[in-house]
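**Q** just coords:
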């Protein structure tokens, strides 16, 4: 068996999220809802709490707020919980949003200058598809406290087709919270449309790149979890950090900045692991010619993730090419057997689709190479029709033409006459 590098991820990620949850719960137990809000707003913490814990929190905060013993932050914590997790309490999203609006108004009655009160009121109107009051509330919030993610949403609401006005985008607001820049980058990315012209598309991606880079800079300045320092609240949400690394890596790959892409994607994998990070890092490694690393990730993806057949075949061909070159021919045959099984499960139409049949042609060529090296190649192993079908999509594909020649050489080695090969090479 080949030695395969595994991503031995530190347990830091879950420990870090547990720490964020623990700090928030401690603030709650002390009645410090302002601190709890500061810790949890803008993070993915609620996706890491079970339904029972969220329900218990909501009930307790409601009791505090309703008794008159809480502050405006008690009402704002209720808004935060409901905006994220109201589906656990009611199936009526509109009613939940109206409730958020009422709670935001209660907070603003206690503290009219609270930026989050206006923001949550705006969000209630926004998701209720009430743009005018939403925009008015958002503008008040942004005026009280500049927020780069809210700036992006306001711009989107002020322009029917945001990409057409992208060159008038204002100077970026200075948000102290790193996740705000990530959220803004995601919003801006949604402005790319099929009809977006090249100049606007380039400007959108430049803006996205800047936002994601600033997000990582904010994490770094706050003390990213990886450096072992005491981390600021926003820095504890390493899942947002990793998603930002992934999105920035995608942009760097598209800009052919593969060294930068690999570096930022590796940074994300230092904290957590998900399929997109691995896929995008694999692409960067392939472009850099780091074939061993690309093979390691291809094997990991095939073994640990439920890939669609097209991606599975592409990973298989990447791995088989390197493993054949390093003499691991039996491993190649094991990988090919699974690839053949997956390919056979496709419909005839899917089997002849350009990406799938091209990838399978490469996989088959690597199988022929492995069998030849092991002295096991027979005429019955050869499937020349695969490459011929692939060449129908692109007759000038140099790599496929190379496979055709490779197959011809294999056929001459094992001998045999007639049939398809006689017609093709006669």
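**A** Now that the structure is in, tell me what you want to look at. Bear in mind that the values here come from a model prediction, so they are computed numbers and not experimental data.
**Q** need the contact list for residue 34.
**A** By CB atoms under 8 Å, 6 or more residues apart in numbering, residue 34 lies in contact with 71, 73. Every C-beta, even on glycine, is put in place using the N, C-alpha and C of the backbone.
**Q** tell me how far the helix or strand where residue 334 lies is from the chain's mean position?
**A** Of the helices and strands defined by DSSP states H and E, residue 334 is found in helix 329-344. Mean C-alpha position of helix 329-344 versus that of the full chain (CA atoms, centre = their mean, to the nearest Å) differs by 28 Å.
**Q** after it comes which helix or strand?
**A** Downstream of helix 329-344, the first helix or strand assigned by DSSP H and E is helix 348-351.
**Q** would you mark the buried spots in that next one?
**A** Within helix 348-351, the residues scored as buried using 16 or more other CB atoms under 10 Å are residue 351.
**Q** packing partners for the helix or strand just after it?
**A** Elements were assigned by DSSP H and E; along the chain past helix 348-351, the next helix or strand is helix 354-373. With contacts taken as 3 or more CB pairs under 8 Å, 6 or more residues apart in numbering; DSSP states H and E, helix 354-373 sits against helix 309-325, helix 329-344, helix 348-351, helix 385-393, helix 398-414.
**Q** of the ones you listed, which stretch is the most buried?
**A** Each of these was scored by mean neighbour count; the highest is helix 309-325, a mean of 23, by mean count of other CB atoms under 10 Å.
**Q** any low-confidence regions in the stretch 301-426 of the chain?
**A** Within the stretch 301-426 of the chain, the stretches falling below the threshold (pLDDT under 70) are 415-426.
**Q** OK, contacts around the closest residue to residue 362 other than its chain neighbours?
**A** Among residues not flanking residue 362 along the chain, residue 317 sits closest, at 4.0 Å (CB to CB, 6 or more residues apart in numbering). Counting by CB under 8 Å, 6+ apart, residue 317 makes contact with 359, 362, 363, 366.
**Q** possible to save these as TSV with distance to residue 30 and neighbour count?
**A** Supplementary listing: the contacts of residue 317 in TSV, determined by distance: CB to CB, whole Å; neighbours: other CB atoms under 10 Å:
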residue	distance to residue 30	neighbour count
359	58	24
362	61	23
363	60	26
366	62	27
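**Q** burial of residue 238, as a residue count?
**A** The local packing count at residue 238 equals 27, with neighbours defined by other CB atoms under 10 Å.
**Q** secondary structure class for residue 212?
**A** Classification of residue 212 by DSSP: H, G, I helix; E, B strand; the rest coil places it in helix.
**Q** quick check: closest non-adjacent residue to it.
**A** Spatial nearest neighbour of residue 212, excluding adjacent residues (CB to CB, 6+ apart): residue 248 at 4.0 Å.
**Q** residue contacts, that neighbour?
**A** Residue 248 makes contact with 209, 212, 213, 216, 264 under the criterion CB under 8 Å, 6+ apart.
**Q** list the contacts of the third one.
**A** So that's residue 213. Residue 213 sits next to residue 248 when contact means CB under 8 Å, 6+ apart.
**Q** which residue is the nearest non-sequential neighbour of residue 86?
**A** Using CB to CB, 6+ apart and skipping residues adjacent in sequence, the residue nearest residue 86 is residue 96, 3.6 Å away.
**Q** any idea which helix or strand carries the one you found?
**A** Residue 96 belongs to helix 93-110 when elements are defined using DSSP H and E.
**Q** quick check: buried residues in the next helix or strand after that helix?
**A** Tracing the chain past helix 93-110, the next element assigned as helix or strand by DSSP H and E is helix 115-127. Of the residues in helix 115-127, 115, 116, 117, 118, 119, 120, 121, 122, 123, 124, 125, 126 count as buried by neighbour count, 16+ other CB under 10 Å.
**Q** likewise stretch 137-157?
**A** By neighbour count, with 16+ other CB under 10 Å as the criterion, the buried positions of stretch 137-157 are 137-142, 144-157.
**Q** re the thing from before, now, which of the buried residues of helix 115-127 sits nearest residue 19?
**A** Sorting the buried residues of helix 115-127 by how near they are to residue 19, with CB to CB, puts residue 116 at the top with 23.4 Å.
**Q** relative orientation of the helix holding residue 96 and helix 115-127 in degrees?
**A** The directions of helix 93-110 and helix 115-127 differ by 160 degrees, with axes from the mean of the first three to the mean of the last three CA atoms, to 10 degrees as the criterion.
**Q** what residues of helix 93-110 count as buried?
**A** Residues of helix 93-110 classed as buried under the neighbour-count rule (16+ other CB under 10 Å) are 96, 97, 99, 100, 101, 103, 104, 106, 107, 108.
**Q** adding pLDDT and distance to residue 301, write the residues you listed out as JSON lines.
**A** Putting the buried residues of helix 93-110 into JSON lines (pLDDT from 0 to 100; distance: CB to CB, whole Å) gives the following:
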{"residue": "96", "pLDDT": "96", "distance to residue 301": "38"}
{"residue": "97", "pLDDT": "97", "distance to residue 301": "39"}
{"residue": "99", "pLDDT": "97", "distance to residue 301": "43"}
{"residue": "100", "pLDDT": "97", "distance to residue 301": "40"}
{"residue": "101", "pLDDT": "98", "distance to residue 301": "44"}
{"residue": "103", "pLDDT": "97", "distance to residue 301": "44"}
{"residue": "104", "pLDDT": "98", "distance to residue 301": "44"}
{"residue": "106", "pLDDT": "97", "distance to residue 301": "49"}
{"residue": "107", "pLDDT": "97", "distance to residue 301": "46"}
{"residue": "108", "pLDDT": "98", "distance to residue 301": "49"}
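**Q** roughly how far is the host helix or strand of residue 76 from the heart of the chain?
**A** Under the criterion DSSP H and E, the helix or strand holding residue 76 is helix 72-85. Centre-to-centre, helix 72-85 and its host chain are 27 Å apart (CA atoms, centre = their mean).
**Q** helices or strands up against that helix?
**A** Packing partners of helix 72-85 (3+ CB pairs under 8 Å, 6+ apart): helix 33-40, helix 51-66, helix 93-110, helix 115-127.
**Q** ok, and what's touching that helix?
**A** Among residues not part of helix 72-85, those counted as contacts by CB under 8 Å, 6+ apart are 33-34, 36-37, 40-41, 46, 54, 57-58, 61-62, 64-65, 89, 96, 99-100, 103-104, 106-108, 110-111, 114, 116-117, 120, 123-124.
**Q** before we move on, the earlier item: neighbouring contacts of the helix holding residue 334?
**A** 1-2, 302, 309, 312-313, 316, 319-320, 323-324, 351, 356, 360, 363-364, 366-367, 369-371, 373-374.
**Q** please redo it, this time with the cut-off set to 6 Å
**A** When contacts are taken as CB atoms under 6 Å, 6 or more residues apart in numbering, the neighbours of helix 329-344 outside the stretch itself are 2, 309, 312-313, 316, 319-320, 323-324, 360, 363, 366-367, 370, 373-374.
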